[in-house]
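In: Generate a structure from the sequence data that follows.
(2 chains)
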Amino acid sequence: MFLDFILAPQMYDWLDPAGPVASDQKDLFFFTLYLCVGIFVIVGGFMLYSILKFKAKPGDEELPDQEHGSTQLEVGLMIVSGILVAIIAVPNVKLLYKLAKPPRGSDPLQINAIGHQFWWEFEIPEYGVETANEFKIPVGRPVEFNVSSVDVIHSFWVPRLAGKVDAVPGRDNYLWFQADEEGWYSGQCAELCGASHAKMKFEVQAVNEEDFLLWVEKESSPARQPTTDLAKEGKDLFLTKMCVTCHAVKGYDGAIGITGPNLSHFGNRRKLAGMWIENNQENLENWLANPAKFKPDNIMALQAPMYIDENFALTKDEIEKLAAYLKELY
Amino acid sequence: MSGHGPKLALPKFLSFLRNRPTKENGLVSWLTTVDHKRIGILYLYTSFFFLFVGGIEALFVRTQLSANDLEIFVGSTYNQLVTMHATTMIFLAIMPLAAAFFNFMIPLQIGARDVAFPRLNAFSYFMYLAGGIVLNASWFMGGASDVGWFAYAPLTSSTYSPTHGVDFWILGLILTGISSTVAAINFIVTIINMRAPGMTLMKMPVFSWMAFVTAFLLAFALPVITIALIILFMDRNYGTTFFQTAAGGDPILWQHLFWVFGHPEVYIIVLPAFGIVSEIIPVFSKKPLFGYKLVVLSGAAIGFMGFTVWSHHMFTVGMGPIVNSAFSITTAAIAIPTGVKIFNWILTLWNGKIKFSVPMMYATALVFLFMVGGFSGLMHGAAASDFQQHDTYFVVAHFHYTILGGGLFGFLAGTVYWLPKFFGKIMDEERGRKIFWWIFASFNLTFFPMHFLGTGGMPRRIYTYSADMEWTALNGFITLASFVLGITLLVFFIEVIKAVKSKNKASADPWDARTLEWSIPSPPPVYNFADLPKVEKVDEFWESKISNKPIKTLPRDPHGIHMPGKSWMPLITSVGLMLASFGAIYQSDLRYIGLGIFLLAYYGWALEGDAEYYLPYPKKGKK
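Out: Alright, predicted model coming up:
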């Protein structure tokens, strides 16, 4: 079972790196691991040998040699451990400085990653992209993140691409990574941030330059108008049920809320509720009916009138319309 | 000081403040005791109780994680369990377990009749109990703290944690903090002033030495957390903004304050256990501890260096490569004095005649387990790769190997080893061995696989995970193992109680041991040493046994054996502070009542009548 687990690639497996940062970190991890296992085998083996070899024989009452110590031996052992500590320190410090910035001459993409209870906001200012929980990056190009938070401390972590950095309110933290292969990479919040900390996942897709530019163009343009009748009615509900106090939709006057995720291209997202369920009509309706079930203590469930005041509660019919509308936002 | 001081003018119903209690038996005698041995036993039983509570919380956590997408303990409830599991285990179980041994053993090991301040010692115990009550009362009064045991700001602010859970947590910890600080000062004064004549510091038993170092760590580290807790309480209740970004405060300040306490705390837990191991390994190898001086000095060095590494808990905060490098290196450097201890333990075994009684099994197991935890600690110390391991199950595995493997195993060893001294009874060897192997195996099966969950990217403190993360099988396995561990630990403590109730009377020196506590009967008489010993060598008792000369003693006091008087005041001051804490949490008038009781008892403490008394000496030659 353990072996299966170690060898099988997993979505958050940082020993299965897909970029230079995570790859260097994995190498240092294994370097220290092998060194430590080596010393453990030697010292532990020595101890095991002593235990087995010097076990008292029954009936032997004679005292062993009462030696009190040997300064030379001890100083020698201290020097050896000092050297081993230095052997770990050198590559570690080197790597800390190496990973502090992307290689010189590269042209990194700038992204703002902002932690909220319990979702991630992503902005690419260069292209006017504002989105949540899912974003794309160009493959083979370094990406620099400006990581911060609007409420409590979160931690931004895409294990297969790089180690984590905390998202601290009032502070701009820095992280960079690069994906060497196209594909989806899973990320998650790594610092306890409240009841739904577990549900604060996100995903990054590394795509080729062309697809990336297509994506940013789509994401930065105004939201599409609904086409079906159901969705049109949903749009009216969206505006009248006060969803817009918290959610922004590009191109709608009045829909500029910043508390919740920007929904301009919500229909494009693969997943819902902190990447927990597929973004389809049925799940979306379930989510709208009872968001606290999927994400305990999320702000919408705690504060939005339709979830705390019976007079504003959504009917089944309204939920269906709202979901239809949201699905058409792409 | 002989009863002629000013007498308190008090109304009749308060006259008990003036007349000190003298009951020798029953509940009152335990509530008013100042005997370090009885206080040690109180600490022992209370910490066993909280170990049980913390263990139940752990098993609830494991139940919720036993499979993907479970909804047994969800969201805040889960976070409360995680927070209270850690808080209970650290502050109410493991630290007091060390305090139990400190209380009982330090005076016996250094040849003293009691600690320096016997009433203060009782106060420490009752404050610890009060802290435990306040912390756990939160379960029944609106929910416990759910912000994790290191309670990072600003999640702890009244905006993000509007219930009283965090307030209960703050005041509970302040109470236990007072308890530990006072106890630390008491032990420091005791060790400096009350050693038997001739016992220079470098002839003191290693356990007492580690207690000495630990007491200094407590005395320097606890004020930091106490102050941090007070300003957090002010942030939450009185509108200050120390940790509030929007008002110009800094949440990272909390992390620095917390970890300046939090890292020495790790050594506060493991150094006493190291002390126990350093006692047990020589006894069961029939050899002196190899390199006594270096073991002592390395313990002190670990204590000092423990204050230089706190920011390794904060590598991901964004401190930059310079700070991260510095703290990486100081962290790795602790491996050197720790290595010294491990080498010396092994070299003590070398050429010895080792007998594997139950205490020795736990002691040697500790060395192995602590090595595992130490090496994974060294790996965490490498900041560049720790960015990956940080806050995953890798670190959960790491600190359970250090705190359980390096701490609890030492205290289990100590429990079996000193049970004869505590209760005059000895544990059944055969069953003790079986229980050891169950604990050892289930401990490793529970915590070793967590390393793999960590490399698989599972963050700590998540209440659920989905099937496609592929953490289900390992988590299920760990939960199963954790239940076995929980049950076997319970069996261990039942076995301890069975031994205490049994008729397996222990002799004064059942292990053929080395230090002074074994030179007096099991359990020791109330005055410990009828004749106070004179010490010439390290391991004085052992030397006297192999040279067949009795330990020299001081001449007897013509008045008899001087004994401290019992008192109600430690209990009443603690009750006052506990009530004041409840009052402070709810901002109610109860706080003034509590403070009033505290002040009254405080005066009573200062002015209560004299009750020191003298016991007649036993006949010479009869211990």
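
In: how about the lengthiest helix in chain B against chain A, any contact?
Out: Determined from DSSP state H, the single longest helix within chain B is helix B:251-285. Yes - interface with chain A: helix B:251-285 contributes B:251-252, B:285 (CB under 8 Å from any CB of the partner chain). Placement of C-beta: from N, CA and C, glycine included.

In: which residues sit in contact with residue B:417?
Out: Residue B:417 makes contact with B:276, B:279-280, B:359, B:511 under the criterion CB atoms under 8 Å, 6 or more residues apart in numbering or on different chains.

In: Just the buried ones from the residues you listed, in PyMOL syntax?
Out: Command for PyMOL, covering only those of the contacts of residue B:417 found buried under the criterion 16 or more other CB atoms under 10 Å in any protein chain shown:
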select buried, chain B and resi 276+279+280+359+511
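
In: Now tabulate the contacts of residue B:417 in TSV and tack on distance to residue A:50 and pLDDT.
Out: Below are the contacts of residue B:417 laid out as TSV (distance: CB to CB, whole Å; pLDDT from 0 to 100):
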residue	distance to residue A:50	pLDDT
B:276	20	97
B:279	18	95
B:280	15	96
B:359	18	96
B:511	20	93
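
In: Okay, now the unreliable bits of chain B?
Out: Scanning chain B for pLDDT under 70 picks out B:1-18, B:621-623.

In: Now do the contacts for the residue minimising distance to the centre of it.
Out: Nearest to the geometric centre of chain B sits residue B:95, at 1.4 Å (CA atoms, centre = their mean). By CB under 8 Å, 6+ apart, the contact list for residue B:95 reads B:176, B:180, B:268-269.

In: got it, and residue A:184?
Out: Residue A:184 neighbours (CB under 8 Å, 6+ apart): A:203-205.

In: ok, back up a step: which helix or strand lies directly C-terminal to the strand or helix carrying the residue nearest to the centre of chain B?
Out: According to DSSP states H and E, residue B:95 maps onto helix B:95-109. Following helix B:95-109 in sequence order, the next helix or strand is helix B:118-137 (DSSP H and E).

In: Would you mind naming what in the stretch 101-250 of chain A lies close to chain B?
Out: Near chain B, when you scan the stretch 101-250 of chain A using CB under 8 Å from any CB, you find A:117, A:147, A:151-153, A:155, A:157, A:159, A:162-166, A:168-171, A:173-174, A:188-198.

In: which one of the contacts of residue B:95 is nearest residue A:91?
Out: residue B:269 (30.8 Å; CB to CB).

In: Neighbours of residue B:203, how many?
Out: Number of residues near residue B:203 (other CB atoms under 10 Å in any protein chain shown) recorded here: 17.

In: and what of residue A:52?
Out: 9.

In: ok, now residue B:472?
Out: Neighbour tally, residue B:472, other CB under 10 Å: 17.

In: coming back round to it: TSV for the residues of helix B:251-285 next to chain A, including neighbour count?
Out: Below are these laid out as TSV (neighbours: other CB atoms under 10 Å in any protein chain shown):
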residue	neighbour count
B:251	25
B:252	21
B:285	25
